[in-house]
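Colleague: following is a predicted model, sequence given first.
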Amino acid sequence: MVWLAVACAVGMGIASIDMAGSTPLLSSSVNPSDFEVERLLDRCTGTAEGVLVCPREVLVMDGHARKVRIAEPANCILCAACIVQCPEDALRFRFDDGRVVEPDVIRRTRMNLLGKRKTSL
């Protein structure tokens, strides 16, 4: 009985770990769909860190302009991984009514356990 309790505790611990750099593959049912990712062109330096973490290939690098481009906005699942990872804060959420959610607000709830931006391939 003790071994079962220990195994369950270990399993719960592993399941509750926030895997650094991981992103969801499906959208959350709690996310309203009246907002989308917006790029701030003047802030974008083309580091492509948001492109690396996007699970749905919404963002691509525009090699000619050396900037990140939102290529497939309809594929976005609003996970905010790109916003968290962008070192220049060049991405944010914009609602249909004009309200915006800035990157610092998003990072308060969407960081890895170390509280840092992290990309991993």
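Modeller: Received, thanks.

Colleague: so where is the protein shaky, pLDDT-wise?
Modeller: 13-33, 110-121 (pLDDT under 70).

Colleague: so which residue is dead centre in it?
Modeller: Ala81 (0.8 Å; Cα atoms, centre = their mean).

Colleague: tell me how far it lies from Ala9.
Modeller: Counting by Cβ to Cβ, to the nearest Å, the gap from Ala81 to Ala9 is 30 Å. Where C-beta positions appear, they are placed from N, C-alpha and C, glycine not excepted.

Colleague: then Thr45?
Modeller: Following Cβ to Cβ, the distance that separates Thr45 from Ala9 is 45 Å.

Colleague: show me where the chain has its strands.
Modeller: All strands of the chain, identified by DSSP state E, fall at 35-39, 59-62, 67-70, 91-95, 100-101.

Colleague: parallel or antiparallel, list what pairs with the shortest one.
Modeller: Same thing as strand 100-101. Strand 100-101 has its sheet partners listed here by DSSP bridges as strand 91-95 (antiparallel).
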